[in-house]
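> Okay, sequence plus prediction incoming.
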There are 4 protein chains.
Amino acid sequence: MVDPVTWSPREIELLEVTLQLLQENGYDRLTVDAVAATARASKATVYRRWPSKAELVLAAFTEGIRQVAVPPETGTLRGDLVRLGELVCEQIGRQAGTLRAVLVEVSRNPALNEVMQHQFVDQRKSLMLEILGQAAQRGEIEAAAVDEDLWDVLPGYLIFRSLVSGRAPTAGTVANLVDNVILPGLKRDIDS
Amino acid sequence: MVDPVTWSPREIELLEVTLQLLQENGYDRLTVDAVAATARASKATVYRRWPSKAELVLAAFTEGIRQVAVPPETGTLRGDLVRLGELVCEQIGRQAGTLRAVLVEVSRNPALNEVMQHQFVDQRKSLMLEILGQAAQRGEIEAAAVDEDLWDVLPGYLIFRSLVSGRAPTAGTVANLVDNVILPGLKRDIDS
Amino acid sequence: MVDPVTWSPREIELLEVTLQLLQENGYDRLTVDAVAATARASKATVYRRWPSKAELVLAAFTEGIRQVAVPPETGTLRGDLVRLGELVCEQIGRQAGTLRAVLVEVSRNPALNEVMQHQFVDQRKSLMLEILGQAAQRGEIEAAAVDEDLWDVLPGYLIFRSLVSGRAPTAGTVANLVDNVILPGLKRDIDS
Amino acid sequence: MVDPVTWSPREIELLEVTLQLLQENGYDRLTVDAVAATARASKATVYRRWPSKAELVLAAFTEGIRQVAVPPETGTLRGDLVRLGELVCEQIGRQAGTLRAVLVEVSRNPALNEVMQHQFVDQRKSLMLEILGQAAQRGEIEAAAVDEDLWDVLPGYLIFRSLVSGRAPTAGTVANLVDNVILPGLKRDIDS
DNA sequence: TCATAAGCGAGACGGTACGTCGTGTCTTACG
DNA sequence: CGTAAGACACGACGTACCGTCTCGCTTATGA
């Protein structure tokens, strides 16, 4: 009960309540009883859809993330990258606690993991590759400079900063990161 | 009850049991009862030392991490960075599940967070800055190229890959990262 | 919704399913869902007729009991009493579990209690008094020997044996009871 | 966890709370949560001793019954029987609802049934046989008049009246029963 | 040499969340 | 309109875990 991606209004209501309580209380101070009571629903109604608290929370998190896919389109590579980094900061900043909790469950349940990869990782990848492709077309970088495996250094490091390191990234962090690390990497001398 | 860093043999035994069960079961399938039973100890014995499951697990994790500080000293910046990256991969790879679990607790408990920062972050920071300082002395990079805020892009991205993204980093990943991102960033034209 | 005593074929089907499941599972392992599913009916169909599980079960039980009123008519008081006792044993023996369950509900619901008294008690009373009246007419006993309050010692004790005591009554029990207790009581010296 | 017959003070406290709530609410309006809360105990504490609500209630009932074994000793058979009957009425009258509930469970669980028989039936049997033995010694009845199988007509009928019939027995009922049924049965002409 | 204490294994306890299941009400769609 | 199907709110059940606690037993020191 993880895939549908389209939820009924009642289900969306439940997920929103879950997200709300999740951000207020954190994962393990969140109780399914509280979700049900707040939504004036029955526990059975919740469990009918999501067979465990972990899956409920993952669904709520996934639902809370789903406004990503809009490509920045600022016209320059630097502008696109900075905008993308700021979007990542904004989203992760709000959901950091939730994401930490979700990671624990995801790492144990292959089904959840797959959903997570689709919802969270693959979308970003295609977005990033599109940005870089446009930059290559504009001649800002060489196409060969794009490393298939390292497409996610920008969002990945920002997420690391939000989740693991105690230092949440700021707009300055994003600008520095783009200017001092990402762009030099993309514009490096390919022969080296 | 977090800092001492020196534990009695009995305490080390408890922490090792904890770490073992933690890697087998994950954080929330780990029970303090199981730790006590496996170590043929009483729950009171555990709680006398670590006042909560979270602190027990953090201590076990910290104990399981504690062979870091050795500086690589390969003689070249690239060698040092690659070696450091590989060390990070190795450590995190083994402890990924544990680390994910610890993150949840750390984010809620400021005291744990502080310990975490000291044990896990600050040591790496000084190590990294030392590596970069030596490289600057050798003239491999300009001292001004070191961004105080972005010292942890290398380990941070690798940790992100291990914890969040489903793609654990390999030796190739580390080499690519150093060659295509980190070194270009450090050797960029400072005026730009 | 208890009295009608005449049920439609569909209703009889539901009651028979109820009785069947009741004897297989007992009262509280019987579920209304199971009744509906077995009868390929909807729960609403059940609840439209019997407003609670208790009333459904009582109706099923009453339906399962309804071949009582035939008076024995063996020609002698002893024959009538023995026959009556054996009938009681036979009926209660089959329905003991059901009856136990029904008792619990009946004691709490005055309406059910009233139905119970009519269906189960009063019929027996008039039957018993008729038997005794005929015996008095035949001169077997004195009419004054009949105690209005104690008319149900025979069936009552047999029911006790079936429901409460672990020793279900046999034909021998009935014969002994009639010969050694009931008849001596009815033929006692009235002046004593 | 049914046999011990001797309970710790804490267990007695739990059973008393159970009995209290049982008499106030009846079997199925009684909740284990309420028992635990009223006794300021944890549900686990209750379930550690009695593995289900049914066994808890049976234990409470058995505990609430356990002041029986004192033989009446009035000096005459009639006096002993009337006293015994009145004791039965008194005990059952208070516990009727509980007993009805217990019967349902007992009939399904052989282990409970065995306890029930020991606690509830066998004690009465030896008491009754002692009364009758003394009467035979005094010459009030012939020893041969005692029917081994029908020793419990007196308590059994009274229990039937309390549990099944709607007519709770009174002191007059007991006197009539002894004078008009039990004593005539015991003093009957043995040759008949 | 013994006692007084401190640490420990064992495990009961209060509290609380989990996930399941049953009742009785309700809605939807079909015949 | 009555019905089959089944979702729903409510609430109890029985389980499991956390963190606290009491109980004896063992060991280690001080008179």
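Thanks, I have the structure now.
> The least confident helix or strand in chain A by mean pLDDT near chain B anywhere?
For chain A, the helix or strand with the lowest mean confidence is helix A:110-116, at a mean of 77 (criterion: mean pLDDT, DSSP states H and E). Yes - Helix A:110-116 comes into contact with chain B when judged by Cβ under 8 Å from any Cβ of the partner chain, the residues involved being A:113, A:116. The way it works is simple: take the backbone N, C-alpha and C, and place the C-beta from them, glycine included.
> starting at the chain centroid, how far to that helix?
Relative to its parent chain, helix A:110-116 has a centroid offset of 14 Å by Cα atoms, centre = their mean, to the nearest Å.
> burial count for A:His118?
The tally of other residues near A:His118 (other Cβ atoms under 10 Å in any protein chain shown) stands at 13.
> Check A:Ser126 too.
The criterion is other Cβ under 10 Å. On that basis, A:Ser126 has 12 neighbouring residues.
> Convert the C-alpha atoms of the host helix or strand of it to CSV, please.
Element membership for A:Ser126 (DSSP states H and E) is helix A:123-137. Output in CSV follows, covering the C-alpha atoms of helix A:123-137 (Å, rounded to 0.1, in the frame of the first residue of the first chain):
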residue,chain,number,x,y,z
GLN,A,123,13.2,12.6,-10.0
ARG,A,124,16.1,14.8,-8.9
LYS,A,125,18.5,12.9,-11.1
SER,A,126,16.6,13.6,-14.3
LEU,A,127,16.1,17.2,-13.3
MET,A,128,19.8,17.6,-12.7
LEU,A,129,20.8,15.9,-15.9
GLU,A,130,18.4,18.2,-17.8
ILE,A,131,20.0,21.3,-16.3
LEU,A,132,23.5,20.1,-17.2
GLY,A,133,22.4,19.1,-20.7
GLN,A,134,21.0,22.5,-21.3
ALA,A,135,24.3,24.1,-20.1
ALA,A,136,26.2,21.8,-22.4
GLN,A,137,24.0,22.9,-25.3
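> which helices and strands sit right next to that helix?
Judged by 3 or more Cβ pairs under 8 Å, 6 or more residues apart in numbering or on different chains; DSSP states H and E, helix A:123-137 is in contact with helix A:77-106, helix A:153-163.
> okay, the least confident helix or strand of chain A in PDB with CA atoms only?
In PDB, the C-alpha atoms belonging to helix A:110-116 read as follows (Å, rounded to 0.1, in the frame of the first residue of the first chain):
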ATOM      1  CA  PRO A 110      13.200  -3.100   0.500                       C
ATOM      2  CA  ALA A 111       9.700  -2.200  -0.700                       C
ATOM      3  CA  LEU A 112       9.900   1.100   1.000                       C
ATOM      4  CA  ASN A 113      13.300   1.600  -0.200                       C
ATOM      5  CA  GLU A 114      12.200   1.200  -3.800                       C
ATOM      6  CA  VAL A 115       9.500   3.800  -3.400                       C
ATOM      7  CA  MET A 116      11.900   6.100  -1.700                       C
END
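> Briefly note if that helix comes near DNA strand E.
No - looking at helix A:110-116 against DNA strand E by Cβ under 7 Å from any atom of the strand, there are no contacts, and the closest approach is 12.9 Å.
> which strands and helices sit next to that helix?
For helix A:110-116, the helices and strands in contact under the criterion 3+ Cβ pairs under 8 Å, 6+ apart are helix A:53-65, helix A:77-106.
> right, and those - which one's nearest chain B?
For chain B, the closest of these is helix A:77-106, at 4.8 Å, according to Cβ to the nearest Cβ.
> rank the helices and strands packed on helix A:123-137 by pLDDT, which is bottom?
Of all these, mean pLDDT reaches its minimum on helix A:77-106 (a mean of 88).
> for DNA strand F, what are the nearby residues on chain A?
Proximity of chain A to DNA strand F is assessed by Cβ under 7 Å from any atom of the strand, with A:10, A:37, A:39-45, A:48 identified as the residues in range.
> Most neighbours among these, which one is it?
Using other Cβ under 10 Å as the neighbour criterion, A:Ala39 leads the residues of chain A next to DNA strand F with 19 neighbours.
> what does the model give the residue nearest the centre of chain A for pLDDT?
Taking Cα atoms, centre = their mean as the criterion, A:Phe120 is the residue nearest the geometric centre of chain A, at 5.0 Å. Predicted confidence (pLDDT) for A:Phe120: 75.
> Go ahead and confirm it touches A:Arg66.
No - with the criterion set as Cβ atoms under 8 Å, A:Phe120 and A:Arg66 do not qualify as a contacting pair; they are 9.9 Å apart.
> hang on, the earlier thing: for the least confident helix or strand of chain A, which positions count as buried?
Neighbour-count burial for helix A:110-116, counted by 16 or more other Cβ atoms under 10 Å in any protein chain shown, picks out A:112-113, A:115-116.
> ok, now which ones touch A:Arg78?
Contact criterion Cβ atoms under 8 Å, 6 or more residues apart in numbering or on different chains gives A:178-179, A:183 as the residues in contact with A:Arg78.
> Same check on A:Ala101?
Shown in contact with A:Ala101 (Cβ under 8 Å, 6+ apart): A:22, A:26-28, A:57, B:104.
> Type out the ChimeraX command that picks the buried ones from those residues.
Selecting the buried subset of the contacts of A:Ala101 in ChimeraX, with 16+ other Cβ under 10 Å as the burial test, is done by:
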select /A:22,26,27,57 /B:104
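> right, and the secondary structure at the residue in chain A that chain C sits nearest to would be what?
Using Cβ to the nearest Cβ, the single residue of chain A nearest to chain C is A:Ala44, 13.1 Å away. Applying DSSP: H, G, I helix; E, B strand; the rest coil to A:Ala44 yields a three-state assignment of helix.
> quick one: contacts for it?
Shown in contact with A:Ala44 (Cβ under 8 Å, 6+ apart): no residues.
> Repeat that for A:Leu150.
Contact partners of A:Leu150, counting by Cβ under 8 Å, 6+ apart, are B:173, B:176-177, B:180-181.
> from these, which is closest to D:Gly133?
Proximity of the contacts of A:Leu150 to D:Gly133 was ranked by Cβ to Cβ; the top entry is B:Thr173 with 94.9 Å.
> which stretch of helix or strand covers the closest one?
helix B:171-177.
> is that helix anywhere near chain A?
Yes - judged by Cβ under 8 Å from any Cβ, helix B:171-177 comes into contact with chain A at B:172-173, B:176-177.
> What's the ChimeraX line that selects buried ones from these?
Once 16+ other Cβ under 10 Å is used to decide burial, the buried members of the residues of helix B:171-177 next to chain A can be selected in ChimeraX as follows:
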select /B:173,176,177
